[in-house]
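Asks: Predicted model follows, preceded by the sequence.
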Amino acid sequence: MYDDLDQGYPKILFFSSSHCAPCLPVEHMLKRINLSMFGKKLRIDKISIDLEENRHLTQEYRISSVPTLIIADKRLSVNIAEEEIIDAILYAFISSVKI
C-alpha cells in the first residue's frame, strides 16, 4: 500500500491522464486548496495512468476513471463539469480527512 502520511498530513493520490479534459482544472483546484487550507503542506502525488511505470498503482487502487483522488481510505472520482461544484466537493472531500 502507498504511504498515506507525509509529515502528519495525508498524502493525496491524484490519478490523471493526458487525455483527460477535467484533470487540469481539478489539478489547479487541488493546488489552490492546498495553499489556502493547508499552507502547501499536503503532498499531492500526480499519477498518470498513461505511463507503464504506474500500471501497478492503477491496478492496486482499481482506477477505472480519471480524475480520481484517493486520501487514506477515501476515494473520489470527479466527473462534474461545473467548476464551482467541483471546487466545493474537493474542499469537502479534503476536509473530511482527519489531520
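Replies: Okay, I see it.
Asks: Which stretches in this protein count as helices?
Replies: Assigned by DSSP state H, the chain shows helices spanning 23-38, 55-60, 83-95.
Asks: Next, format these as TSV and append distance to residue 45, mean pLDDT and mean neighbour count.
Replies: Every residue, glycine included, has its C-beta placed from N, CA and C. What follows is the helices of the chain, written out as TSV (distance: least, CB to CB, whole Å; pLDDT from 0 to 100; neighbours: other CB atoms under 10 Å):
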stretch	distance to residue 45	mean pLDDT	mean neighbour count
helix 23-38	11	85	15
helix 55-60	9	94	12
helix 83-95	14	71	15
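Asks: Just send those back as JSON lines, with distance to residue 70 too.
Replies: Supplementary listing: the helices of the chain in JSON lines, determined by distance: least, CB to CB, whole Å:
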{"stretch": "helix 23-38", "distance to residue 70": "12"}
{"stretch": "helix 55-60", "distance to residue 70": "10"}
{"stretch": "helix 83-95", "distance to residue 70": "10"}
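Asks: tell me, which strand in this structure spans the most residues?
Replies: strand 9-16 (DSSP state E).
Asks: Out of the helices of the chain, the one nearest residue 69 is which?
Replies: With CB to CB as the criterion, residue 69 lies closest to helix 83-95 of the helices of the chain, at 6.8 Å.
Asks: Which of the helices of the chain sits closest to residue 44?
Replies: helix 23-38 (5.5 Å).
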